[in-house]
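1. Let's see this in three dimensions:
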Amino acid sequence: MEKRRIVQIASFLIHNGYLGVVTGSILYRGLLKGVCAPGLNCASCPFALFACPLGILQNFISFFRILPFSALISTFFYTSAFFLIYGLLFGRAICGWLCPFGFLQELLYKIPFYKKNFPRILRYIKYFFLIFFVILLPALITNELGYGEPWFCKYICPVGTLEAGYGMLLFQRKFVSLIGTVFYFKTFLLVLILTLCLIEERFFCKYLCPLGLIYGFFNKISFLRIKVKKSLCKNCKNCIGVCPQKIDPVEEADSTECIKCFKCKDVCSKKAIILKIEL
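-> Numbering: from 1, shown residues only. Next up is the predicted model:
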């Protein structure tokens with residue numbers, strides 16, 4: 001088994017390492033829930049040990065109108081610290097190595113099914129989700145008390161539907177009575193997204209994921225980078241063929257789309273693509 005696959009499996013198990021649910025405890029509420037997980041993994045999953053990075057960000061934005069200044073500053077630094085640490089250390093390598101939902105997408109794509117690559121311009125959709133559903137809507141639409149909502153988590157996120165929604169229904173049948181229109185809508189989105197992940201490798205990563213986009217902004221300044229020795233490149237295009245993101249690693253090394261899976265490095269017979277750690 002390749003090293004990256006071992007790391008992905010280990011990361012999935014660490015993200016979802018709480019076993020108290022099998023003894024009747026609904027959710028883990030210990031100290032680790034105050035720590036933000038690197039990958040996209042719902043904090044409300046019965047097995048989740050850590051907080052969700054997008055959930056933490058949206059909750060901060062939702063509450064910033066009503067928090068006192070001292071709490072606002074401390075919460076801001078607490079929230080941003082996770083993104084800065086993970087982003088500067090790894091960039092979007094988190095997507096390629098540590099994200100549980102990224103791992104699931106790769107497994108789904110291995111299933112024999114109709115395959116197609118969608119137009120690259122559609123990748124800008126994830127900018128829309130980040131700007132509107134993660135930032136603007138939680139900040140601008142509030143209730144009478146001034147609280148906003150985590151719009152992406154509540155109405156869009158397929159990870160929350162799969163892990164928290166169906167996870168809770170699996171272990172707590174009493175929640176069946178609470179199923180409503182939003183849950184049916186999110187189930188439709190989940191099925192649609194998973195089907196599209198069968199068609200195109202890492203569809204959600206490419207076109208919809210706000211978290212991957214945030215980490216992608218750090219790619220060119222993260223400690224873990226890809227360097228290309230263009231003088232050695234023979235323009236064979238083998239690296240493009242193995243890239244799950246369907247980018248040109250020679251021309252787009254460390255772009256916001258690169259998940260640093262290093263498949264391009266492994267397939268390069270001329271050793272033109274190298275891993276470089278810059279502190």
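2. which regions of this protein lie under the pLDDT threshold?
-> 1, 279 (pLDDT under 70).
3. Could you tell me how many residues sit around the nearest residue to residue 236 once chain neighbours are set aside?
-> In space, and not counting its chain neighbours, residue 236 is closest to residue 269: 7.7 Å by C-beta to C-beta, 6 or more residues apart in numbering. (C-beta placed from N, C-alpha, C; glycine too.) By other C-beta atoms under 10 Å, the residues close to residue 269 number 9.
4. do you know how far residue 269 is from residue 216?
-> Residue 269 sits 28 Å away from residue 216, going by C-beta to C-beta, to the nearest Å.
5. Residue 276 - that's part of a strand, no?
-> Yes: counting by DSSP: H, G, I helix; E, B strand; the rest coil, residue 276 is found in a strand.
6. Which strand residues bridge the nearest residue to it once chain neighbours are set aside?
-> Counting by C-beta to C-beta, 6+ apart, residue 227 is the residue found nearest to residue 276 once chain neighbours are left out, at 4.5 Å. Beta-bridge partners for residue 227, by DSSP bridges, are residue 274.
7. three-state assignment of the residue nearest the centre of the chain?
-> Residue closest to the mean C-alpha point of the chain, counted by C-alpha atoms, centre = their mean, is residue 40 at 3.8 Å. At residue 40 the chain is in coil, as set by three-state DSSP.
8. can I assume it is in contact with residue 100?
-> Yes: Residue 40 is in contact with residue 100 according to C-beta atoms under 8 Å; the separation is 7.0 Å.
9. those strands in the stretch 51-200 of the chain, which residues are they?
-> Assigned by DSSP state E, counting those that start in this stretch, the stretch 51-200 of the chain shows no strands.
10. just the helices in it please.
-> Under the criterion DSSP state H, counting those that start in this stretch, helices of the stretch 51-200 of the chain are mapped to 53-63, 69-90, 93-97, 100-109, 125-128, 137-140, 151, 158-159, 166-171, 181-199.
11. ranking these by burial, who's on top?
-> helix 93-97 (a mean of 27; mean count of other C-beta atoms under 10 Å).
12. Assign a three-state SS to residue 28, would you?
-> Under three-state DSSP, residue 28 comes out as coil.
13. what about it, how many neighbours?
-> By other C-beta under 10 Å, 21 other residues sit near residue 28.
14. how close does it get to residue 74?
-> For residue 28 relative to residue 74 (C-beta to C-beta), the value is 24 Å.
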